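>>> For reference, the sequence and a predicted model appear below.
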Amino acid sequence: MGCPLGALKGEHVKGRQLVAELESATAAYSANKEDGCFGLIQALQSLIALYPAHIWKEDYLLFPMATKVVSDEDDALLMEQFAVAESGFDSNAHDNYEALVEDLTHLAGG
């Protein structure tokens, strides 16, 4: 088995590629929901296939290693920066994503 950091880096490259595909699929879906539905579903399924194992590697391999080398001060700074980044998210994001899933399910005939 290779280095977990190498695997994670490769998955980050793949994730950026999939997010670019998602961006294109989202634009197509926005332009025409019926025609863009399947491309958007496919892009989302590709992300779903990648991320559970990726997140597991971060949670159970990377983060435990990081706690050994990141100081309490740096950890606190990171938490502050994450809070700032997350504050820019739409407060209705969860509801909007649920509505999108309902739209895609309906358009896909599910």
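Yep, it's here. Residues are numbered from 1 along each chain as shown.
>>> gap between stretch 31-50 and the chain center?
Stretch 31-50 sits 14 Å away from the centroid of its parent chain (C-alpha atoms, centre = their mean, to the nearest Å).
>>> Kindly report the same for stretch 43-56.
Going by C-alpha atoms, centre = their mean, where stretch 43-56 is centred and where its chain is centred differ by 8 Å.
>>> May I see the buried residues of it?
Residues 43-44, 46, 54 are the ones in stretch 43-56 that count as buried (16 or more other C-beta atoms under 10 Å). In this view, the C-beta of every residue, glycine as well, is placed from N, C-alpha and C.
>>> for stretch 24-33, same thing?
25-26, 28-29.
>>> Show me which pair in the residues you listed is furthest apart.
Largest separation among those by C-beta to C-beta: 26 and 28, giving 7.3 Å.
>>> any idea which helix or strand comes after the biggest helix by length in the chain?
If you go by DSSP state H, the chain has its longest helix at helix 4-31. Next along the chain after helix 4-31, taking DSSP states H and E as the criterion, comes helix 33-57.
>>> for the longest helix of the chain, which positions count as buried?
Buried, per 16+ other C-beta under 10 Å, within helix 4-31: 7-8, 11, 15, 18, 21-22, 25-26, 28-29.
>>> Residue 11 reaches residue 54, doesn't it?
Yes: counting by C-beta atoms under 8 Å, residue 54 is a contact partner of residue 11 at 4.7 Å.
>>> Between helix 33-57 and the one helix or strand in the chain whose mean pLDDT sits lowest, find me the angle.
One helix or strand of the chain scores below all others by mean pLDDT, DSSP states H and E: helix 93-107, with a mean of 86. With axes from the mean of the first three to the mean of the last three C-alpha atoms, to 10 degrees defining the directions, helix 93-107 sits at 130 degrees from helix 33-57.
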